[in-house]
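Participant: Fold the stuff below for me.
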Amino acid sequence: MSSSLSAGIVRRLILSATAVCLSMVCASYAWAGAKDGRLDIYWIDVEGGGATLIVTPAGESILIDTGNPGLRDANRIVQTATQAAKLRRIDHLITTHYHRDHYGGAETLSRLMPIGHVWDNGTFEGMPDNPGQAYFEFKCEQRHVINPGDAIPLAQTKGDGPALRLQ
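Facilitator: Model (predicted):
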């Protein structure tokens with residue numbers, strides 16, 4: 001076999017192997033975020049801190065905090081939720097406390113994508129930081145007041161996966 005013939009075969013093998021590898025990489029990106037039995041956690045940079053998006057192995061989504069009011073933080077959350085996690089809605093929104101950089105983006109976010117359950121401290125006498133009417137009236141399926149020790153019910157996977165609990 002001549003050396004030019006051998007070089008041509010080697011080149012074709014390398015190109016074929018490269019094409020196969022690139023196809024596999026592209027396919028893995030297409031599958032990322034699908035219901036694949038994993039617990040996925042996304043940290044989203046919002047001004048002054050971070051929002052955390054969790055997608056359970058059952059495909060249920062939990063967003064912890066929403067950043068500041070306006071489109072900047074809400075758009076970042078929507079982009080991560082829809083593009084990276086492949087979500088169409090937020091199943092559970094947890095507002096940890098009533099500082100503007102934790103609850104502020106909720107009202108705008110509710111106009112950009114559906115929100116199922118909202119979990120927060122509710123209203124109470126002598127609230128040091130009141131988020132106001134826009135926060136308490138934004139569109140969602142159901143609101144819940146959460147107290148220390150309460151558990152948020154999560155969908156479980158069918159099969160051998162571990163039981164998840166959010167408390």
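Participant: Could you count how many residues lie near I44?
Facilitator: When neighbours are counted by other Cβ atoms under 10 Å, I44 registers 22. For the C-beta atoms, the positions are set from N, CA and C on the backbone; glycine is no exception.
Participant: Same check on H97?
Facilitator: 12.
Participant: what about the closest residue in space to it that isn't next to it in sequence, distance to R143?
Facilitator: Computed as Cβ to Cβ, 6 or more residues apart in numbering, the closest residue to H97 that is not its neighbour in sequence is N121, at 6.9 Å. Distance, N121 to R143, using Cβ to Cβ, to the nearest Å: 11 Å.
Participant: Am I right that H117 is in a strand?
Facilitator: Yes: under DSSP: H, G, I helix; E, B strand; the rest coil, H117 falls within a strand.
Participant: Bridge partners for it, pull those for me.
Facilitator: H92, Q142 (DSSP bridges).
Participant: Got the confidence number for it?
Facilitator: pLDDT for H117: 98.
Participant: next one: M24
Facilitator: 40.
Participant: Pull the number of nearby residues for the residue nearest to H97.
Facilitator: Around N121 there are 15 residues (other Cβ under 10 Å).
Participant: Am I right that it is in contact with H144?
Facilitator: No: if you go by Cβ atoms under 8 Å, N121 and H144 don't touch, sitting 10.5 Å apart.
Participant: Tell me the spacing between the residue nearest to H97 and I64.
Facilitator: Counting by Cβ to Cβ, the gap from N121 to I64 is 14 Å.
Participant: Which strand or helix spans I77?
Facilitator: helix 71-79 (DSSP states H and E).
Participant: The residue nearest the centre of the chain pairs with what?
Facilitator: Closest to where the C-alpha atoms of the chain average out (Cα atoms, centre = their mean) is L53, at 3.4 Å. Beta-bridge partners recorded for L53 (DSSP bridges): Y42, L63.
Participant: residues touching it, list them.
Facilitator: Applying Cβ atoms under 8 Å, 6 or more residues apart in numbering to L53 gives the contacts I41, Y42, I44, S61, I62, L63, I64, I77, T80, A81, A85.
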